[in-house]
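Novice: okay, predicted coordinates and the sequence, questions at the end:
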Amino acid sequence: MTKHTQAYVAALSPTQRRIAQLGVLFVPIVTQVTDILRVGSLAFYYAFKKPIRWREVVQQSFFIGNRSLAFVMIVLGFLGMILIFQSGFQAKRIVGDLQGMGALYLQLLFREFAPTVTALMLATRVGTGIAAEIGSMVVTEQVDALRMNNAEPIQYLVVPRLIASIVMTFVLSCVALCVAFGTGMFVANTVFEVNVATFYNTSLLEWGDLIIFSLKALAYGITIPIIASQAGLSAFGGSEGVGTATTMAVVNASLAVTILDFVLSGVGYIFFFS
Amino acid sequence: MIEFIDIHKAFGSKQVLRGVSLEVKKGEIMFIIGSSGAGKSVLVKHLVGLVRPDAGRVILDGVEVTNLTEEEYYPIRKRCAMVFQNSTLFDSMTLLDNVALPIRKHFKLSLAEARSEAKAKLALVNMDQHAERYPADFGDGMRKKVAIARALTLNPDFVIFDEPTTGIDPISANIVDRLIRDLSDRLGVTSIVVSHDLRSIFGVADRVAMLYKGQFVLDGPPSLYRETDNAIVQQFINGRPQGPMEV
C-alpha cells in the first residue's frame, strides 16, 4: 500500500473502512481479469499483423494437438463408456426403452461433453505447459531480452500458441466426439444389446448443435492459451514464481472453461433450442 | 549522460528503491554494487523501460525516458544494450542466429547480411568458430561471452552489464573486464556494471556506487572504498558475516 493510500485509508470512518476491506478482496481478481483482457486484446491485434511465426505455429500445433491426442482419446473414451453404462441402467429402470439413447447421447456430446471435457483436459495439459514455458522465460529474463531485441513478447510467444490452440482445440473436440460416441456405442451394444444401426441415430441433431459445438471449441481454443500466457507473463521470482504461474493457469483456465460453458449453453438455449 | 533522479520502486509491499539518484557521465564505467536483492538490476532496467518507476525520472542525454510506450523505447534500446545476468540466449537458435537477432529486428537486414555482421561480433569474444552450434552445448562462461557479442551488435552508446563475470572462470572474467575497458577507452561507450566481483570493481571501474536498503550509501572512485570508514561498506568489501549490514 502506498503512502498516499495509507493516508486515505486512515481518514476513513470505521464503516467506510469495513467496506474498503471488502473491496480489497476483489482487487486481485479485477487486476487479473484486466490483465487477461489486455493480453487477449494485444494477442488479437498482433494475430492480424505481420510477421506471424508460422514454423512456431506448426510446432505449437504439434505440442497442443498431437501430444494431447492420446490423453484426450483415453479420457473421452472411458467417459463415453461410463456415461452410457450409467445412463443405460437408469433409462432401463425408468423407461425400459433404449431406442433413443444413441440420438440423445450424440446430441449431448455435440452440445456439451465433447468440446467442454476436451477443453478441461487441454486446460490442464496445455495450460500448464504454456504457463511453465513462458514463466521460465520471464524469470530467466528471456522475455526482457526479447523486448531489448525489438521483439514484442506477445507477438513472439502468445500469437503462435493462440493460432495453434484455436485450430487444435477444434480438431481434438471432433476426435473426442468420435471416440466418445464410438466407445458409448460399444457399451450400448455389448451391455444393453442396442443395435449399432439403432444407436447411430442423428435424428435429434440440429444446425444449432453444430454451431454451439463450434462456438464452444473456438471460445475454449482462444481462452486457454490467453489465460495460460497471462499467468506465465506475470510470473515473478524464481522457480517458485513459475510454480505459482502454472497453478494459476490451470485454475483460471478451468474456471473460464466452466463459466464459458454455462454462458454459451445459455446462448444456445435462447437462440436455437428454446 | 544518464541520470536517475529520485527513483522509487516497490513490488507489492516490498519497497526496493527509495529515492535513488545517480549520474553516469559519457564514457564512464560505473559499477553498482550491493548485496543480493538490493535492487541493483531493478535500477538499471529503468533506463531501457524493462521496469517502470513508481516515482522519479530517468534522463538519457538530456531527454526524459521515464514512461515511454513500448514502441517509443525501441530507439532507446538500440542505443543502450543490455547483457543480462542469465545470458538469455534463445535455445532454439544457433549462436550466430542469437547474435544476428537484434540486427535483424532493429535494422531489418536480410538474414545473410545480419549473419555476416554477427560473425564479426562473435570473433570479438573468440566464439566465431562455434557460430553454428547451439547455446545448450556451452557452459555459463561461453554463453555469457556470446550474450556480450549480441549486446555489441548494434554498436551501442551505452551498455548495461548485469553481473557479467558471475559464474565464469577467472580467465574469461578477465577477458570480459578487458572488453568493458576497451569499449570505454576505444569507442567511448558508457558502461553500467552491476557486480559483486571485487577483482573487477578494483580493476576496471571508474566509479562505484553501493546500494543498500534502497539508497546509495557511498558513491565515488574505487580507492574511496578502501579508505572509507563507513561500516556497511567495509563489511561488504571485506565480506564479513558480522556487522551492521542486514543480509
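Specialist: Received it, and whenever you're ready, just let me know what you need. Numbers count the residues shown, from 1 in each chain, chains lettered A, B, ... in the order given.

Novice: hang on, B:I32 is in a strand, isn't it?
Specialist: Yes - under DSSP: H, G, I helix; E, B strand; the rest coil, B:I32 falls within a strand.

Novice: quickly find the element holding B:A81.
Specialist: strand B:80-83 (DSSP states H and E).

Novice: quick one: list the elements packing against that strand.
Specialist: Applying 3 or more Cβ pairs under 8 Å, 6 or more residues apart in numbering or on different chains; DSSP states H and E, one finds that strand B:80-83 contacts helix A:142-148, helix B:140-152, strand B:158-162. For the C-beta atoms, the positions are set from N, CA and C on the backbone; glycine is no exception.

Novice: any chance of TSV for these, columns distance to B:R207 and mean neighbour count?
Specialist: Listed next are these as TSV, based on distance: least, Cβ to Cβ, whole Å; neighbours: other Cβ atoms under 10 Å in any protein chain shown:
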stretch	distance to B:R207	mean neighbour count
helix A:142-148	25	24
helix B:140-152	21	23
strand B:158-162	15	25
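
Novice: assign a three-state SS to the residue of the stretch 151-274 of chain A found nearest chain B, would you?
Specialist: The nearest approach of the stretch 151-274 of chain A to chain B comes at A:A151, 5.7 Å away (Cβ to the nearest Cβ). Look at A:A151: counting by three-state DSSP, its state is coil.

Novice: give me the pLDDT value at it.
Specialist: Here the pLDDT value assigned to A:A151 is 84.

Novice: can you add distance to A:D35 and mean pLDDT and give the helices and strands packed on strand B:80-83 back as CSV?
Specialist: Putting those into CSV (distance: least, Cβ to Cβ, whole Å; pLDDT from 0 to 100) gives the following:
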stretch, distance to A:D35, mean pLDDT
helix A:142-148, 15, 90
helix B:140-152, 30, 87
strand B:158-162, 26, 93
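
Novice: the residue of the stretch 151-274 of chain A closest to chain B: neighbour count?
Specialist: 17 (other Cβ atoms under 10 Å in any protein chain shown).

Novice: which residues of chain B lie near chain A?
Specialist: Residues of chain B found near chain A (Cβ under 8 Å from any Cβ of the partner chain) are B:10-11, B:13, B:45, B:48-50, B:54, B:70, B:73-74, B:77-78, B:81-82, B:84-86, B:88, B:90, B:101-102, B:105-106.

Novice: now list the buried members of those residues.
Specialist: B:10, B:45, B:48-50, B:73-74, B:77-78, B:81-82, B:84-86, B:88, B:90, B:101-102, B:105-106 (16 or more other Cβ atoms under 10 Å in any protein chain shown).

Novice: taking those one by one, which sit in helices?
Specialist: Secondary structure assignment (DSSP state H) places B:45, B:73-74, B:77-78, B:101-102, B:105-106 from these within helices.

Novice: quick revisit: just tell me which of the helices and strands packed on strand B:80-83 ends up closest to B:G27.
Specialist: The closest of the helices and strands packed on strand B:80-83 to B:G27 is strand B:158-162. By Cβ to Cβ, the value is 10.2 Å.

Novice: who does that closest one pair up with?
Specialist: Note on strand B:158-162: by DSSP bridges, its sheet partners are strand B:80-83 (parallel), strand B:190-194 (parallel).

Novice: following the longest one, which helix or strand comes up?
Specialist: Put plainly, it is strand B:190-194. Heading C-terminal from strand B:190-194 (DSSP H and E), you reach helix B:198-204.

Novice: what strands line up against whichever helix or strand comes after that following helix, and which way round?
Specialist: Next along the chain after helix B:198-204, taking DSSP H and E as the criterion, comes strand B:207-212. Counting by DSSP bridges, the strands paired with strand B:207-212 are strand B:29-33 (parallel), strand B:215-220 (antiparallel).

Novice: in PDB, list the C-alpha atoms belonging to strand B:207-212.
Specialist: Presented in PDB, the C-alpha positions along strand B:207-212 are these (Å, rounded to 0.1, in the frame of the first residue of the first chain):
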ATOM      1  CA  ARG B 207      33.300   5.000 -10.200                       C
ATOM      2  CA  VAL B 208      31.500   2.700  -7.800                       C
ATOM      3  CA  ALA B 209      28.100   3.300  -6.100                       C
ATOM      4  CA  MET B 210      26.900   1.000  -3.300                       C
ATOM      5  CA  LEU B 211      23.200   0.400  -2.900                       C
ATOM      6  CA  TYR B 212      21.800  -0.600   0.500                       C
END
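
Novice: check chain B and tell me which residue is nearest its centre.
Specialist: B:F161 (1.9 Å; Cα atoms, centre = their mean).

Novice: name all residues that make contact with it.
Specialist: Counting by Cβ atoms under 8 Å, 6 or more residues apart in numbering or on different chains, B:F161 touches B:82-83, B:148, B:180, B:191-195.

Novice: how far does the longest helix that chain B contains sit from its chain's centre?
Specialist: Ranked by residue count and defined by DSSP H, the top helix of chain B is helix B:170-187. For helix B:170-187, the separation from the chain centroid amounts to 13 Å (computed by Cα atoms, centre = their mean, to the nearest Å).

Novice: from the contact counts, what lies against that helix?
Specialist: Taking 3+ Cβ pairs under 8 Å, 6+ apart as the contact cut, helix B:170-187 packs with strand B:29-33, helix B:140-152, strand B:158-162, strand B:190-194, helix B:198-204.

Novice: want to throw those into JSON lines with distance to B:V65?
Specialist: Formatted as JSON lines, the helices and strands packed on helix B:170-187 follow (distance: least, Cβ to Cβ, whole Å):
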{"stretch": "strand B:29-33", "distance to B:V65": "17"}
{"stretch": "helix B:140-152", "distance to B:V65": "18"}
{"stretch": "strand B:158-162", "distance to B:V65": "11"}
{"stretch": "strand B:190-194", "distance to B:V65": "14"}
{"stretch": "helix B:198-204", "distance to B:V65": "26"}
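
Novice: which of the ones you listed sits closest to A:Y156?
Specialist: Comparing those by Cβ to Cβ, helix B:140-152 comes nearest, at 16.2 Å.

Novice: got phi/psi on the closest residue to B:G19 other than its chain neighbours?
Specialist: Excluding the flanking residues, the one nearest B:G19 by Cβ to Cβ, 6 or more residues apart in numbering or on different chains is B:D6, at 4.9 Å. B:D6 adopts backbone torsions of phi 50, psi 50, taken as degrees, to the nearest 10.

Novice: can you list the buried residues in stretch A:193-201?
Specialist: By 16+ other Cβ under 10 Å, the buried positions in stretch A:193-201 come out as A:194, A:198-199, A:201.

Novice: what is the distance between it and the centre of its chain?
Specialist: That offset, for stretch A:193-201, works out to 32 Å (Cα atoms, centre = their mean).

Novice: list of residues touching that stretch?
Specialist: By Cβ under 8 Å, 6+ apart, the list of residues contacting stretch A:193-201 reads A:98-103, A:105-106, A:184-185, A:188-189.

Novice: by neighbours, which of the residues you listed wins?
Specialist: A:G184 (29 neighbours).

Novice: wait, A:M148 sits on B:L50?
Specialist: Yes - in this structure A:M148 lies within contact range of B:L50 using Cβ atoms under 8 Å: 7.4 Å.

Novice: got the contact list for stretch A:40-55?
Specialist: Taking Cβ under 8 Å, 6+ apart as the rule, stretch A:40-55 contacts A:152, A:154-156, A:158-160, A:162-163, A:222, A:226, A:229-230.

Novice: can those residues go into CSV with extra columns for neighbour count, secondary structure and distance to A:L255?
Specialist: Listed next are the contacts of stretch A:40-55 as CSV, based on neighbours: other Cβ atoms under 10 Å in any protein chain shown; DSSP: H, G, I helix; E, B strand; the rest coil; distance: Cβ to Cβ, whole Å:
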residue, neighbour count, secondary structure, distance to A:L255
A:E152, 18, coil, 28
A:I154, 24, helix, 22
A:Q155, 20, helix, 27
A:Y156, 17, helix, 27
A:V158, 26, helix, 20
A:V159, 27, helix, 24
A:P160, 22, helix, 25
A:L162, 26, helix, 19
A:I163, 22, helix, 24
A:I222, 19, helix, 15
A:I226, 27, helix, 13
A:S229, 29, helix, 16
A:Q230, 28, helix, 13
